[in-house]
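Engineer: Next comes the sequence, and after it the predicted model I'd like to discuss.
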Amino acid sequence: MTAKRAENQFRSFRRRLGTLAGDFLTLGVPLSMARAPGRLDVMGGVADYSGGTVLEGTLGEAALVAVQPRGDDLLVAHSYQATAHGWRTPVTLHLADLYTAGRLKSPAQLRVLFPREAHWASYVLGAFPVLARNRIVSRWPHGATLVLDSGVPMGAGVASSGAIEVATMAALLHAYDLALDGLRLARLCQQVENHVAGAPCGVMDQVTAALGEAGKLLILLCQPSQVLGLQPLPSWAATFGIDTGVKHTVGGRQYARARVGAYMGLKIITSHLAPRALGGYLCNLTPEQFRRDWWDRLPSKMTGAEFLSRYGETDDLVTTVDPAETYSVRGCTSYPIYETARVRKFVELLTQASETGDERPLVRAGRLMYAAHWGYRTLLGLGATETDLIMRLVRKRGPKHGLYGAKTSGGGSGGTMAILARADANEAVEEVADEYARRTGLQPHLFVGSSPGTLAFGLRRVNLQA
């Protein structure tokens with residue numbers, strides 16, 4: 001069913017591309033096409049930037065991108081969704097715009113090319129300077145037209161940007177006859193988001209979109225990106241998502257504050273240890289070690305100015321400490337350490353349930369999701385009252401209605417709640433969504449089912465028909 005849905009998306013996109021022939025696209029010139037799904041963060045989430053282990057599933061919703069080489073040096077990006085958001089489409093650059101005096105522009109200079117009304121195109125056209133900076137391409141031989149059609153809701157906490165980046169990068173590499181393994185592709189996509197789009201995300205979104213598989217949860221050790229395996233769910237279990245309708249962003253102040261707080265904690269801890277202790281990752285501390293050796297030594301609150309005067313900047317490459325901000329250092333440091341321990345236990349419980357056919361391990365796994373949600377809210381200062389409401393509605397119905405647990409998906413505030421449930425619990429999930437709508441006046445979007453990642457689905461080269 002999931003593979004059929006993906007194929008239907010591909011065929012629909014191909015038909016839509018035909019309407020652009022003679023306008024954006026040229027008949028007789030092949031197009032390279034790629035598809036990348038959104039992702040559901042089942043466990044782990046914002047532990048990614050601290051070197052944690054995360055557990056990610058793919059969604060049925062996906063972004064599709066087609067790339068057609070041009071005979072000139074223009075880069076043209078068109079989005080079917082841009083106009084609905086009030087953005088400009090197409091966005092056109094010249095390859096020369098990526099350079100100053102023969103050298104690639106800096107990330108800050110590249111971001112100027114994408115003002116607010118054209119910012120969406122940074123996730124697409126940003127692939128060109130990233131591939132050049134990493135010497136995958138020495139010099140682009142010609143321009144290209146790129147067409148984006150994304151069904152992954154924006155601001156829902158399900159990695160819409162990661163899906164766009166992976167689909168774009170994969171289609172672009174295919175169009176220029178370049179080949180990279182999935183992990184390298186994902187890391188380059190992360191650079192697009194960090195350095196061109198300017199959002200401080202980890203790499204879990206891009207790895208899941210590239211390497212995920214339908215019906216399985218990808219286990220990723222974010223040090224920086226080591227796939228530990230693909231965890232199948234028990235045959236009677238499934239994951240669902242409910243989008244609260246509250247905008248979620250990793251580019252916002254709350255997410256940045258939580259991330260900076262964790263890096264402040266890491267800097268304080270490693271200042272007492274040998275150089276490169278912990279390998280540069282907080283999550284190489286166990287909860288027991290952290291509680292015994294560091295809990296009382298970290299400040300609960302600390303201003304950016306005080307931290308900078310004592311320790312200097314953190315080692316994070318995509319955020320900076322704001323002297324005027326007050327950070328929850330202890331809470332933001334402890335969350336990823338404890339969350340990684342929860343993820344590992346969660347995987348054990350899934351395996352135990354699959355091997356025994358016993359439902360009780362999934363009930364315990366659900367409790368871990370509730371603990372993750374609590375820490376996300378109270379330790380990191382993320383989340384929203386709407387996500388709390390869905391958590392309570394899921395918990396009220398509980399295992400007797402087939403609902404084991406729920407937590408916020410990804411980073412930021414608002415967005416989607418991930419739910420672990422029996423596969424036949426659609427009605428209970430819909431009841432939660434309906435009650436949520438009645439109590440808030442918001443219309444939630446349900447995510448049901450999963451689909452293959454980009455490499456599992458495959459890349460296609462097609463010709464438009466007159």
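Structural biologist: Thanks, I have the structure now. Since the structure is predicted, the reported quantities are computational estimates derived from the model, not experimental observations.
Engineer: Count the neighbours of W140 for me.
Structural biologist: Using other C-beta atoms under 10 Å, W140 has 16 other residues around it. In short, each C-beta sits where N, CA and C put it, glycine included.
Engineer: Model confidence score at the residue nearest to it when sequence neighbours are not counted, please.
Structural biologist: In this structure, W140 finds its nearest non-sequential neighbour in L95, 5.4 Å apart by C-beta to C-beta, 6 or more residues apart in numbering. On pLDDT, L95 comes in at 97.
Engineer: Other residues contacting the helix or strand where M369 lies?
Structural biologist: In this assignment (DSSP states H and E), M369 forms part of helix 360-378. For helix 360-378, contacts defined as C-beta atoms under 8 Å, 6 or more residues apart in numbering pick out 42-43, 45-46, 234, 237, 331, 334-335, 338-339, 342, 345-346, 349-350, 352-353, 382-383, 387-388, 391, 395, 399, 403-408, 418, 420.
Engineer: For the helix or strand following that helix, what is the distance to the chain centroid?
Structural biologist: Sequence order places helix 385-397 as the next helix or strand after helix 360-378, per DSSP H and E. The chain centroid and the centroid of helix 385-397 are separated by 23 Å, computed with C-alpha atoms, centre = their mean, to the nearest Å.
Engineer: now swap in stretch 47-57 and tell me
Structural biologist: 11 Å.
Engineer: gap between the two ends of it?
Structural biologist: 16 Å (C-alpha to C-alpha, to the nearest Å).
Engineer: Please apply the same query to stretch 407-418.
Structural biologist: Rule used - C-alpha to C-alpha; the end-to-end distance of stretch 407-418 is 5 Å.
Engineer: Report the distance from it to the chain centre.
Structural biologist: Offset of stretch 407-418 from its chain centre (C-alpha atoms, centre = their mean): 11 Å.
Engineer: what's the average pLDDT for it?
Structural biologist: Mean predicted confidence for stretch 407-418 is 86.
Engineer: Quick one: residues contacting A258.
Structural biologist: Contacts of A258 (C-beta under 8 Å, 6+ apart): 46, 328, 332, 335, 380-382, 411.
Engineer: Then T244?
Structural biologist: If you count contacts by C-beta under 8 Å, 6+ apart, then T244 has 384, 386-387, 390, 414-417, 436, 442, 444 around it.
Engineer: Kindly report the same for S150.
Structural biologist: Residues counted as contacts of S150 (C-beta under 8 Å, 6+ apart) are 62-64, 79-81, 160, 163-164.
Engineer: ok, now how distant is it from A84?
Structural biologist: 11 Å (C-beta to C-beta, to the nearest Å).
Engineer: thinking again about what came up before, what angle separates the helix holding M369 from helix 385-397?
Structural biologist: 160 degrees (axes from the mean of the first three to the mean of the last three C-alpha atoms, to 10 degrees).
Engineer: what about L455, how many neighbours?
Structural biologist: Using other C-beta under 10 Å: L455 sits among 19 other residues.
Engineer: before we move on, what about the one 3 residues further on?
Structural biologist: The local packing count at G458 equals 13, with neighbours defined by other C-beta under 10 Å.
Engineer: was I right about P90 contacting L75?
Structural biologist: No: using C-beta atoms under 8 Å, P90 is not in contact with L75; the gap is 9.9 Å.
Engineer: thinking again about what came up before, can you name the two of the contacts of A258 that are farthest apart?
Structural biologist: Greatest spatial distance among those (C-beta to C-beta): S328 and G411, at 15.2 Å.
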